[in-house]
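K.L.:
3D model of this:
(chains A and B)
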Amino acid sequence: MVQGIPPDILLSMIVGAGFGLTALYVAIVRRNKPAWMDGVVLLLACTELTWAHVLQGVSSDIATKVFWFKMIYIGYTIAPASFFCLALRYGGLGHLLTLRTRLFLSVCPVLTNGLVFTNEFHGWVWDPEGTPVIANSTSYLPVAYAHPWHWVLIVYSYFLMGLGCWLLARSLIRSRGIYGWQASGIVIAAIVALLGIALDLFGQSPLLPFTATAVGLAGGTITMVFALSPLRRRDLLSVTRGAIISNISDGIVVIDEDDQIAEMNPAAEKLVGKSASQVIGKSLKQAWPELGSIWAKRANKSGEVVLCHENTLHTFDLRVSAIRDWRGHIASQVIVLRDITERKHVEEALARERNLLRTLIDNLRDYVYVKDADGRYQVNNLPHARLLGFDTPEQFRGKTVFEVFPAHLAEQYHADDSVVLRTGQALIDREEPGYSPDSNADIRNLTTKIPLRDDTGKIVGLVGVTRDITERKRAEKALQESEERYRMISTMASDYMFSTQVDAEGRLVLNWVAGAFDAMTGYTFEEYVAHGGWRAALHPDDRAVDDRDLEQLRANQPVITEVRTLKKSGETVWVQVYAHPVWDAERQKLVGIYGAVKDITERKKAEEALRESEEKLRQIASSLREVIWLRDVQTRQVLYVNPAFEELTGWTCESFYDNPDTVIDATHPDDKESVIKALDQRFEGVPFDQEHRIVHLDGSVRWVLSRSVPVRNEAGEVYRWASIMEDITARKRAEDQVRKLNEELEQRVVERTAQLQAANKELEAFAYSISHDLRAPLRAIDGYAHILTEDFEALLGEEGKRVCAVIRGNIRRMSQLIDDLLAFSRLSRAELQASSISMETLANAAFHESTTPESRKRIDFHLAPLPPAVGDPTLIRQVWLNLLSNAVKFSSKRERAVIEVGSQGKDGEIIYYVRDNGVGFEMQYVDKLFSVFQRLHSEKEYDGTGVGLAIVQRIIQRHGGRAWADAEVNRGATFYFTLPRKGK
Amino acid sequence: MNELDAVDILLVEDNPQDAELTLRALKKRKLANQLFVVEDGAEALDFMFCRGKYTQREIAHPPKVVLLDIKLPKVNGLEVLRAIKTDKRLRTIPVVMVTSSREDPDIQSAYELGANSYVVKPVDFETFAEAMSNLGLYWLLVNQAPR
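P.N.:
Purely as a prediction, here's the structure:
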């Protein structure tokens, strides 16, 4: 196939391939650098157009050839544009390569290609008839067939390429050295390519059969390759070296084997102060004495030297390199002098800083350490090392916490470290237990750990600072306790302390207070000061006192004073102030006051109350007419006597205080002994209560009532006598009178009683007489009447017997009358002997006494339970007897007599009653019932003297009760009586 | 032994009617045989103590019972009672106070002085007679006299 290909086609193929591969290479290698993309595009465009040209040449038919001819235009239009872009970038105008620029540049290529592919229709690019020409040609369109647009394209291409070349040339001029060569390489390449194309255009190709274009492009490419190839570098090296040596800041001196200067760079020129041309060929010693002398002295040439440069001493690092020839002998030596002054300074500063830092951290009391990312100790300060038993921090290095601390502590520390290292969060002020060689000690630490990062932000370790706060904690606790105590004291105390300062204007300003300030003043400290301080809180009436106190303080005298202050609530508080001046001896003035304020309101109130109380007592004591005094038991001294003493005794109170025996001396001589004896008896517990006489100073005698009571102390012992003396002279007089009267009365009473008794006695005798003397004749009459009937029965006859019977009957009656009268009269005289009486028993006995067994047979006697009463048993018995005998008597005519005895409780009193079913009586005569000798029935019907009920009523009345009756004729009668509960 | 020593009942009574009635009552019971009457207290004492008019009497032969009234001339019954009851020789002799006084003080005093019995003379003759005869019966027949 190669044989059939024309040589220029072949060349084009090779060139094209070259373009393509290079493009690929650059694209791959410099894929990170977008600036190279224009170059890549250029190469691709060249590849395209070259290969299109190739394909045009190898294709056989016209249509294909024409097609490939058209295709050439693609690369043909793109290449200039991309070259231009490359030139812009290379020429430092890369910023112009905006999208707009690119779009603008692509207008022509797009249009051109559009027109090219539609050339058949309009023929603006080339003559459509000229196709055979094209078909035959292996190169470009002959000029003859070119139509207007073709020339547009030519202009466009050359313009861009020309402009590009100019830009590159400009940069070539500007940049020197290495890059200049690169730029010139590219320019030459472009020119060569353009030249080739131009030649072809005008058909003046000298290189037939090769087309100039291809040759031009090839040449250009090669040139560019050269420009950009690494081969150039080798040449650049010497350039580079030269550039390096010229530009380096180190001084370089090349000396030959004779120590003569062969070469010197500009930096060295500066150091020595001479130009290279001046020194080359001269000996080192000659040209550079300073260096030369050092050079000569030193055996080991390399090292530090100190040279004077620009009037200051600089330190240089001297390096020597030997250049050997092909035999290995030293041909020349290269001395390099580097100014390390800066570095030295920096090093020294660094060393100083390091030292400083070390000293600092080693002298801290805190433990400072640095751990790496694995938690191993890298740096430690001395205290930390010592704590753990190491001599130096270095011994510590590389250990983990587990190797150094006890397990429980290490666990904690390690946990914290892990968090810091992992999260990158600093651990600030962690309280943790600490280590101590003494296992009993309870150490508390405060630790801060901060992560260390490198430049990339990665955590490479941590810095830790640990402070032993055990003491602090203890102090804090003690402080807390102390504060607590203080607070307790404050709440309980009733005082506060204060400190005042004298300010620049001489005013007193409250500095601080401690204690129960708030409670005492009602203000907080701030409120108090804002309110106006001490002066404002002071009671207006005490201002004068305060002024005086202040004067004293200003004279450097302490003050103790009692004043009133006003609380916030308006309450007045008495306070005792102790104020001490703070004295500036130099300037002889008051600079402050400190003191204590104590609430004495209570005390003042108590004092006031006491005063008032004393006043009251004094007033009372003074107003008394009775004399009172208080005497001490032990000393007999009189503690107090009231003014009435003077009135009563004529002696002054003073004299009594002076002479405690005044009152004894004043006692009447006749009474003195008994008084003294009675006084002594006080000690035996007998109270002294005497009436006696005293002799007034003026000689008059007064009767007094003296009393003395013991006063006991808390132990119960008698320690004082309290005595009262009352003037009872008037009373005594009155008493005497009363006594006399009483005596008279007594006398009279006695006489009267005697009279009464006599009268009573007479009466008794009279009654006795009657009972005895009256009865005897009666007995005789009765007896003799009986004799008559008995002995002289025959003589009397019936009538005679009847008469005797009458006589005897009357005798009996008279006897009864006498008995009743006697009983009645006795009642009035008799004394009641009250006792508890069983009424039931009495009633029962009375019933039995009033009846015979015979009569009882026909009597239904109902005796209800009777409550007991209080009265004279004899008399009450009489009552029952009378009532029951009456009941029996007046019901005797009944076949069956019913007698009831019972009691009723009514209105709180007990009513006893006797009821019979006898003959009864008419209620209209009820008033007469209880009168003496009054009868409601005749003697013929019922006998009786009519005294019985009168007796009953008299007895009941004497007991304080009542008696009454109730009856109905022929139905019966009920007699009631009451007895009071308690005896009369 | 003269008849004065054989007296069973000494009646000390100043009222002759009462004396007569008493005698009559006792006669009925056939107890009147050894009844002696004195009219006042002094005579009663003379009799009992065997002095005055009655020195012939022997004190060792006292009456079996003395019926003593209280209201007596010269020396009253209580005095006589005391005299008898305080004398060693005579105090064992039963003395019955027979009187119309129902007065408590009298009764009390009589018993205190040592009277053996106290009887109130009823007015009614029948009762009186019965009381007297009972007395006599009791003290002479029923009662065991001391030696």
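
K.L.:
residue contacts, the residue of the stretch 251-400 of chain A found nearest chain B?
P.N.:
For the stretch 251-400 of chain A, the residue closest to chain B is A:Arg365, as judged by CB to the nearest CB, at 126.7 Å. Heads up, the C-betas are built off the backbone N, CA and C, glycines and all. By CB atoms under 8 Å, 6 or more residues apart in numbering or on different chains, A:Arg365 lies in contact with A:Pro383, A:Arg467, A:Asp468.

K.L.:
Which of those residues fall in helices?
P.N.:
Of the positions in those, A:Pro383 sit in helices, assigned by DSSP state H.

K.L.:
Straight-line length of stretch A:702-722, end to end?
P.N.:
In stretch A:702-722, first residue to last residue: 21 Å (CA to CA, to the nearest Å).

K.L.:
what comes into contact with it?
P.N.:
When contacts are defined by CB under 8 Å, 6+ apart, stretch A:702-722 is touched by residues A:628-634, A:639, A:648, A:675, A:679, A:682, A:687-696, A:723-729, A:731-732.

K.L.:
Quick check: B:Leu90 is in a strand.
P.N.:
No: read with DSSP: H, G, I helix; E, B strand; the rest coil, B:Leu90 is coil and lies in no strand.

K.L.:
And the pLDDT for it?
P.N.:
Here, the pLDDT recorded for B:Leu90 equals 88.

K.L.:
What is the burial count for it?
P.N.:
For B:Leu90, the neighbour count with other CB atoms under 10 Å in any protein chain shown is 17.

K.L.:
That one is in contact with B:Ala60, isn't it?
P.N.:
No: between B:Leu90 and B:Ala60 there is no contact under CB atoms under 8 Å: 10.5 Å.

K.L.:
ok, A:Glu476 - how many residues close by?
P.N.:
By the criterion of other CB under 10 Å, A:Glu476 has 11 neighbours.

K.L.:
three-state assignment of it?
P.N.:
helix.

K.L.:
now the helices: where do they sit in the stretch 101-250 of chain A?
P.N.:
Here the stretch 101-250 of chain A has its helices, by DSSP state H, counting those that start in this stretch, at A:119-122, A:131-136, A:148-174, A:177-201, A:212-228, A:231-247.

K.L.:
Sorry, wrong one. I was asking about chain B.
P.N.:
Under DSSP H, chain B gives helices at B:16-28, B:41-49, B:77-86, B:104-113, B:125-136.

K.L.:
how big is the angle separating the shortest one from helix B:77-86?
P.N.:
With axes from the mean of the first three to the mean of the last three CA atoms, to 10 degrees as the criterion, the two stretches helix B:41-49 and helix B:77-86 enclose an angle of 20 degrees.

K.L.:
any idea of the mean pLDDT for helix B:41-49?
P.N.:
Helix B:41-49 comes out at a mean pLDDT of 90.

K.L.:
Going by contacts, tell me the helices and strands next to it.
P.N.:
In terms of contacts (3 or more CB pairs under 8 Å, 6 or more residues apart in numbering or on different chains; DSSP states H and E), helix B:41-49 is packed against strand B:9-12, strand B:35-38, strand B:65-68, helix B:77-86.
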